[in-house]
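Novice: build the 3D model from these lines:
(2 chains)
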Amino acid sequence: MALTFMIPGPLRELAVNRGEVQVDGPAQSVSDALGLLWRQCPALRDRVITERGDLRPHVNIFVDGESIRYSGGFATPVRDGAEIFILPAVSGG
Amino acid sequence: MPVTQHITPADGDVLVLVGTMKGAFIFRSPAGRGEWEMGGPYFPGSAVYAMAYDGRAGRQRIWAGPHSMHWGGLLRWSDDFGRNWTNPEEANVKFPEGTGAALQQIWQIRPGRDSEPDTLYCGVEPAALFVSRDAGGTWSLNEGLWNHPQRERWVPGGGGMCMHTILPDPADPQRMRIAVSTAGMYVTEDGGATWRPSNHGVRADFLPDKHPEFGQCVHKVAQSPQRPERMFLQNHWGLYRTDDRGETWIDVANGVPSDFGFCLSIHPRDPDTAWIVPLESDGFRCTPEGKLRVYRTSDAGNSWQPLGDGLPQQDAYETVLRDALAVDVLDPVGVYFGTRSGKVFESANGGESWSALADGLPPVVSVKTAIAGNGEA
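Specialist: Sure thing, here's the model as predicted:
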């Protein structure tokens, strides 16, 4: 299964300066897909999820345009060819 | 992103490390402290509550604990005064699986004693102590404190449940004191294996029992490097001194406009001299009477002298946070502090007169000093 991760600007230096990272392998869920991403870009892991394994509260992941917060979290299914966006929330101040 | 300016300190220059809510800055001047230049911003957008300088074992390493609201926090260091910073692949300070905790903020980075040149300590939120024995390469949670049976009854203060003060006793390698808001102080006498609360005499005005065994909201503690049994403590209401290594504390709020405040520093050589910035009430938390004044004692807290020459004395409702005041080791002692409004002031004469280092930085949360190439100040 081929998937494309879209990497936000602040994290690109940890992904060999790539805005898109293609991963290939077995993945039924976002959790599986992220595992493939961590294998290619291990430094992204601790920036996106906490040591408890939770998605950081001000980071969003969208699968084919839908936030996983509303579609099953890390268990959200992924399809072959899916685009997965990792994006910072609008939080700030 | 902003363009980062860089500095090139020479040996003997004074460094002032300033952490803000939106990045870090490094000021440098020759030892006369009259020609300042600024480097930064480093880590723009990240809150930097903790910075430190490690000049032991030939290092000239600046540590910072930037925390991005989005991407979390970790410890980073620079060996070239901020031009380049490490960016570890794996977060170097994180809670072990099974603790159920996740790092919220790095509040304190403390190089160990000179006799343990590869040891560093790190205080974090949720309140915990991490230790490195390999000069910061790897870090581990202090389990003795984390598993303390009283920990479940600690509660967060306004800034979060943070370990903000770490005091390795300079004369006893097994003894160390830490302070947590809001848990009070704990001390170990066996190198961190076990800990006991140590708050005798310190009030907790916000509890029905004003003198509990633990639960005080200690804001900052400073220990004399020359006379380690002497410490000063700025409490959430209350200003204290100990002469017995913290076993008992006596009130020394003699003549200050308020005994509420956050920051506190002690003289590097004279244990009778310390500096504070009193704030009005715990509701307002700004400088009294609209005057920005540092108060100094030179007689161990028996009296405090206001120092405002060169500081705004009208409509100056400022707040100086717990880690935002520091002194250097020069003679006369330099004193530095930053405000929540982004001002940084310096005095090259112990506070007798002040001048502005910066006006318009993001809110200042941490100020530390060092002498370049010559160890921690």
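
Novice: A strand includes B:Ala358, no?
Specialist: Yes: counting by DSSP: H, G, I helix; E, B strand; the rest coil, B:Ala358 is found in a strand.

Novice: identify the bridge partners of it.
Specialist: Legend: beta-bridge partners of B:Ala358 under DSSP bridges are B:Val344.

Novice: can you count the residues close to it?
Specialist: Counted by other Cβ atoms under 10 Å in any protein chain shown, the residues lying close to B:Ala358 total 20. To be clear about C-beta, it is placed using only N, CA and C from the backbone, and glycine gets the same treatment.

Novice: what does the one 3 residues further on give?
Specialist: The number of residues packed around B:Leu361, counting by other Cβ under 10 Å, is 22.

Novice: now do A:Arg56
Specialist: For A:Arg56, the neighbour count with other Cβ under 10 Å is 19.

Novice: contact partners for it?
Specialist: With contact set as Cβ atoms under 8 Å, 6 or more residues apart in numbering or on different chains, A:Arg56 has these partners: A:Arg47, A:Val48, A:Ile49, A:Thr50, B:His70, B:Trp71, B:Gly72.

Novice: what sits against the last one?
Specialist: Think B:Gly72. A:Asp46, A:Arg47, A:Thr50, A:Arg56, B:Ala91, B:Leu103 are the contacts of B:Gly72 under Cβ under 8 Å, 6+ apart.

Novice: report the two of those residues separated the most.
Specialist: The span of the contacts of B:Gly72, defined through Cβ to Cβ, is set by A:Arg47 and B:Leu103 at 12.3 Å.

Novice: for the closest residue to B:Trp71 other than its chain neighbours, pull up the helix or strand it's in.
Specialist: Among residues not flanking B:Trp71 along the chain, A:Arg47 sits closest, at 4.1 Å (Cβ to Cβ, 6 or more residues apart in numbering or on different chains). Element membership of A:Arg47, judged by DSSP states H and E, is helix A:45-48.

Novice: format the contacts of A:Arg56 as CSV; extra columns: pLDDT.
Specialist: Putting those into CSV (pLDDT from 0 to 100) gives the following:
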residue, pLDDT
A:Arg47, 98
A:Val48, 98
A:Ile49, 98
A:Thr50, 97
B:His70, 97
B:Trp71, 97
B:Gly72, 97
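
Novice: and stretch B:179-190, how far apart are its ends?
Specialist: Criterion Cα to Cα, to the nearest Å; first-to-last residue distance in stretch B:179-190 is 17 Å.

Novice: got the buried residues for it?
Specialist: Using 16 or more other Cβ atoms under 10 Å in any protein chain shown as the test for burial, stretch B:179-190 gives B:Ala179, B:Val180, B:Ser181, B:Thr182, B:Ala183, B:Gly184, B:Met185, B:Tyr186, B:Val187, B:Thr188.

Novice: so for it, mean pLDDT?
Specialist: Stretch B:179-190 shows a mean pLDDT of 97.

Novice: ditto for stretch B:229-248
Specialist: The pLDDT scores in stretch B:229-248 average 97.

Novice: quick one, strands of chain A?
Specialist: Taking DSSP state E as the criterion, chain A carries its strands at A:2-6, A:20-24, A:59-63, A:66-67, A:83-88.

Novice: my bad, the stretch 251-377 of chain B
Specialist: With DSSP state E, counting those that start in this stretch applied, the stretch 251-377 of chain B shows strands at B:260-266, B:274-279, B:294-297, B:305-307, B:325-327, B:335-338, B:343-347, B:355-359, B:364-371, listed in chain order.
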